[in-house]
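Enquirer: below are the sequence and a predicted model; questions follow.
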Amino acid sequence: MADKTIFQKIGDGDIPVKMEYQDELCFCIRDINPQAPLHLLVIPRRLIARLDSAVEADEALLGHLLLVGRKVALGLGFEDGFRIVINNGPMAGETVPHLHVHVLAGRQMGWPPG
Ligand code: 5GP
């Protein structure tokens, strides 16, 4: 069996981390290296390496990740706006090969993103 990703270890409880939200499909934690006052990661429990690897059957799960990100950001009071980011592949800056949705908020965002 392949080694667990860091996010599988966190999701399985091998590495104790405060969960901002969790359900049977996904969990939400704070990024260890925050790029904004609020920087969440919403992570599916089942390993999907990256968005490229998702299939049609993952459609509902992908939508769920977005709605969870919205719910947690709003629940924490970040009503003035938030940004959702998914880095897909090395050119996009992906570093952990386990699909995750970044939710950033609490500062003015620039465009284009870096
Ligand atoms: P990526 O660059 O793949 O889009 O995002 C990976 C994110 O995971 C990075 O923002 C990085 O700071 C975060 N990260 C990596 N390892 C850990 C960890 O052990 N705990 C937490 N909370 N975040 C992590």
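Expert: Structure received.
Enquirer: can you get me a residue count around the closest residue in space to residue 22 that isn't next to it in sequence?
Expert: Counting by C-beta to C-beta, 6 or more residues apart in numbering, residue 28 is the residue found nearest to residue 22 once chain neighbours are left out, at 7.0 Å. In short, each C-beta sits where N, CA and C put it, glycine included. By the criterion of other C-beta atoms under 10 Å, residue 28 has 22 neighbours.
Enquirer: would you confirm that residue 28 contacts residue 19?
Expert: Yes - between residue 28 and residue 19 there is a contact at 6.7 Å, judged by C-beta atoms under 8 Å.
Enquirer: I'd like the next helix or strand past the helix or strand harbouring the residue nearest to residue 22.
Expert: Element membership for residue 28 (DSSP states H and E) is strand 26-30. Counting by DSSP H and E, the element after strand 26-30 in chain order, helix or strand, is strand 38-44.
Enquirer: can you mark which positions in that following strand are buried?
Expert: Neighbour counts over strand 38-44 (16 or more other C-beta atoms under 10 Å) mark 38, 39, 40, 41, 42, 43, 44 as buried.
Enquirer: dump those residues to a markdown table, plus distance to residue 60 and pLDDT.
Expert: Below are the buried residues of strand 38-44 laid out as a markdown table (distance: C-beta to C-beta, whole Å; pLDDT from 0 to 100):
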| residue | distance to residue 60 | pLDDT |
| --- | --- | --- |
| 38 | 26 | 98 |
| 39 | 25 | 98 |
| 40 | 20 | 99 |
| 41 | 20 | 99 |
| 42 | 14 | 99 |
| 43 | 16 | 99 |
| 44 | 11 | 98 |
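Enquirer: now the residues you listed as a markdown table including distance to residue 102?
Expert: Output for those, formatted as a markdown table (distance: C-beta to C-beta, whole Å):
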| residue | distance to residue 102 |
| --- | --- |
| 38 | 10 |
| 39 | 7 |
| 40 | 7 |
| 41 | 6 |
| 42 | 8 |
| 43 | 10 |
| 44 | 14 |
